[in-house]
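Student: Quick one: sequence and predicted model below, then my questions.
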Amino acid sequence: MTIAVFPGTFDPITLGHLDITIRAKGLFDHVILGIAKNSLKEPLLDLETRHGLATAATAHLPGVAVAVVDGLLVDFCKEAGATTIIKGLRGGADYDIERPMALMNRALTGIETVFISGDPSLQHIASSLVRDVARNGGSISGLVPPGVEPVVVEALAKETDR
């Protein structure tokens, strides 16, 4: 059985993430969405909420699981029996960011990274832009899976109250 890990902060999970997940599932028997703690990012949604939203968004996809990545991604991959890391690319800038990480992961453990180009109709969707749209009162319903928008709006309301 082939296992791949699709890591990300998924803050929040978007339709772009789902596109990459579905297409990765066509290449691998099992895909794990690895909800990562990124020390360089301050997430809007806590880890438990991101895990829950990703689980709900992928519940209809057999062979897709969601787990928390605690520590190095390559260690998580080894523990999960994954031989491949999946990375979605919206454009060249994403590749420039992801390529050094892919090379480091391969150097550390031999785990390869497969890049999947995002669907052109979804390339404008990034979690950071989704948060900005919602933060400024815009609807994100066409950018995220069902059930995500109210959770993001509620988190933004709490953020404003601080």
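Tutor: Yep, that arrived.
Student: got any ranges where this structure has weak pLDDT?
Tutor: For the chain, the stretches flagged by pLDDT under 70 are 161-162.
Student: Mind doing that once more with 80?
Tutor: Within the chain, the segments meeting pLDDT under 80 span 38-41, 160-162.
Student: Name the residues of the longest helix that the chain contains that come out as buried.
Tutor: Using DSSP state H to define each element, the chain has its longest helix at helix 92-109. Buried residues in helix 92-109, counted by 16 or more other C-beta atoms under 10 Å: 94, 98, 102, 105. To be clear about C-beta, it is placed using only N, CA and C from the backbone, and glycine gets the same treatment.
Student: between those, which is nearest Val151?
Tutor: Using C-beta to C-beta, Asp94 is the member of the buried residues of helix 92-109 that lies nearest Val151, at 25.5 Å.
Student: State the distance from the nearest residue to Thr9 once chain neighbours are set aside to Phe10.
Tutor: In this structure, Thr9 finds its nearest non-sequential neighbour in Asn38, 5.1 Å apart by C-beta to C-beta, 6 or more residues apart in numbering. Asn38 is 10 Å from Phe10, where distance means C-beta to C-beta, to the nearest Å.
Student: pretty sure the residue nearest to Thr9 is touching Pro7, no?
Tutor: No. Contact criterion C-beta atoms under 8 Å: Asn38 and Pro7 do not qualify, at 9.5 Å.
Student: Which one of the two is surrounded by more residues?
Tutor: Pro7 (20 against 12; other C-beta atoms under 10 Å).
Student: show me what contacts that one?
Tutor: 33-34, 36, 69, 73, 76, 85-87 (C-beta atoms under 8 Å, 6 or more residues apart in numbering).
Student: Return the subset of those lying in helices.
Tutor: Secondary structure assignment by DSSP H places 73, 76 of the contacts of Pro7 in helices.
Student: Out of the contacts of Pro7, grab the one that's most surrounded.
Tutor: Of the contacts of Pro7, with other C-beta under 10 Å as the count, Leu33 tops at 29 neighbours.
Student: Name all residues that make contact with it.
Tutor: By C-beta under 8 Å, 6+ apart, the contact set of Leu33 is 5-8, 10, 13, 17, 21, 54, 58, 64-67.
Student: burial of the nearest residue to Ile85 once chain neighbours are set aside, as a residue count?
Tutor: Closest residue to Ile85 apart from its sequence neighbours, by C-beta to C-beta, 6+ apart: Thr113 at 4.5 Å. For Thr113, the count of nearby residues is 19 (other C-beta under 10 Å).
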